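# Everything below, folded, please.
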Amino acid sequence: MLSFAVTLVRHGETQHNRDGLLQGQGIDSSLSEVGIQQAEAAGHYLQDVQFTNIFASDMKRAKQSFGVAEGGRVVDMKNMAKAAGQPIPEYTPPEGETVDQVKVRISTFLKAMFQQMADDHRNKIQLEEETQAAETDGPLAGRPDDGVHNVPAHALVVTHGAYMRVAVRYFIKDLACSVPLGSDMIQVFSACSNTGMCRFIVTLKCSDSDVVLSSMKCVFVNRRDHIKAEGT
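Numbers count the residues shown, from 1 in each chain. Next comes the predicted model:
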C-alpha cells in the first residue's frame with residue numbers, strides 16, 4: 001500500500017477571466033497582474049509544504065474545450081445553457097467537450113499519476129497493516145500542511161477551474177472519495193476560485209503487475225486562505 005497526498009491548485013486570474021471570456025484548449029492566455037499576485041500568494045502559502053512530485057497543465061495559465069463558445073463571453077454561454085434547459089456545469093456547447101469526455105481525461109491522468117507515484121516511491125510502499133491513517137480527522141487549522149503530516153509523498157497538480165470542478169465531483173461520485181464530516185456539498189461541488197486549492201489523500205494497492213486505487217479521502221476543497229491573507 002502506498003498513501004500520498006494530492007493538492008490541486010487552480011491557475012491565477014487571466015485577462016480572459018477578468019473580461020468574462022471563456023478560455024479552453026484553444027486559447028492560451030497569460031495571467032493578469034492580479035493573477036500573478038494570486039500565484040505569488042499561493043506560492044508563499046505553500047512554500048514550506050514538501051512536494052515530491054509536480055504535475056502541471058501545459059497551458060500558459062497553468063484543459064477544457066468550449067467548442068463554438070470558445071473565446072466568447074461567459075454570460076453568452078450561460079444564456080446558451082438556459083435556452084437548452086440545462087444548468088451551466090452540465091451544458092456542452094456545439095463542438096465542445098462533454099463532462100463525460102472530461103472524466104475520461106481525468107481517469108487517464110489519474111492512471112498515469114498513480115503509476116508515476118508508485119514507480120517513484122516504491123521504497124515507501126508498506127503492508128496494509130503497517131499503513132498509518134493520515135491526520136485528516138477532526139477540525140482543520142487552515143495550515144498549508146493540513147492532512148499531510150504522516151503522508152510520505154505529496155503531488156502538486158496545477159490545473160484549471162472547469163477541470164477541477166469535474167474532477168472533485170468525479171472523485172466523490174465515481175471513486176467513492178470520502179469528505180470531511182459536516183461538509184456543505186453545495187460548496188464542495190462549487191467552482192473553485194483562481195488559485196483555490198483542494199487536497200486529497202490517496203491510497204494505492206501496488207503489485208508488480210498493477211497499481212489500483214484502494215481509497216481516497218478529501219482533506220479540504222476550494223480553500224483560498226492565501227488570497228484572504230494577501231488581500232488580493
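# Could you tell me which residues within the longest helix along the chain count as buried?
The helix spanning the most residues in the chain, taking DSSP state H as the definition, is helix 99-120. Residues of helix 99-120 classed as buried: 99, 102, 103, 106, 110, 113, 114, 117, 118 (neighbour count, 16 or more other C-beta atoms under 10 Å). (C-beta placed from N, C-alpha, C; glycine too.)
# Would you mind checking the average pLDDT for the longest strand seen in the chain?
In the chain, assigned by DSSP state E, the strand with the most residues is strand 211-223. Per-residue pLDDT values over strand 211-223 give a mean of 95.
# And it, what does it pack against?
In this structure, strand 211-223 makes packing contacts with helix 99-120, helix 161-173, helix 185-188, strand 197-206, judged by 3 or more C-beta pairs under 8 Å, 6 or more residues apart in numbering; DSSP states H and E.
# in that strand, what's buried?
211, 216, 217, 218, 219, 220, 221, 222, 223.
# Of these, which is the nearest to residue 38?
Sorting the buried residues of strand 211-223 by distance to residue 38 puts residue 223 at the head of the list, at 13.2 Å, by C-beta to C-beta.
# Not counting residues beside it along the chain, what's closest to that closest one?
residue 197 (4.7 Å; C-beta to C-beta, 6 or more residues apart in numbering).
# wait, isn't the one you found in contact with residue 5?
No. Using C-beta atoms under 8 Å, residue 197 is not in contact with residue 5; the gap is 11.6 Å.
# quick one, which of those two is more surrounded?
Here residue 197 and residue 5 are set side by side on neighbour count (other C-beta atoms under 10 Å), and the busier one is residue 5, at 28 against 24.
# what's near enough to touch that one?
For residue 5, the contacting residues are 134, 147, 148, 151, 153, 154, 155, 199, 200, 201, 202, 219, by C-beta atoms under 8 Å, 6 or more residues apart in numbering.
# Pull the most distant pair out of the residues you listed.
153 and 219 (14.8 Å).
# hang on, the earlier thing: between the contacts of residue 5, which has the most around it?
The member of the contacts of residue 5 surrounded by the most neighbours (other C-beta under 10 Å) is residue 200, with 27 neighbours in all.
# next one: the longest helix of the chain to chain centre, how far?
12 Å (C-alpha atoms, centre = their mean, to the nearest Å).
# Name the spans of this structure whose pLDDT lies under the cut-off.
For the chain, residues meeting the criterion pLDDT under 70 lie at 15-29, 57-78, 80-81, 84, 87-96, 128-139, 228-232.
# Tell me how far the residue nearest to residue 223 lies from residue 79.
As judged by C-beta to C-beta, to the nearest Å, residue 197 and residue 79 stand 31 Å apart.
# Could you do residue 49 as well?
Residue 49 is 41 Å from residue 79, where distance means C-beta to C-beta.
# Likewise for residue 213?
39 Å.
# Then residue 34?
Where residue 79 is concerned, residue 34 sits at a distance of 26 Å (C-beta to C-beta).
# who's more crowded, those two?
The neighbour comparison of residue 34 against residue 79 (other C-beta under 10 Å) goes to residue 34, with 16 against 12.
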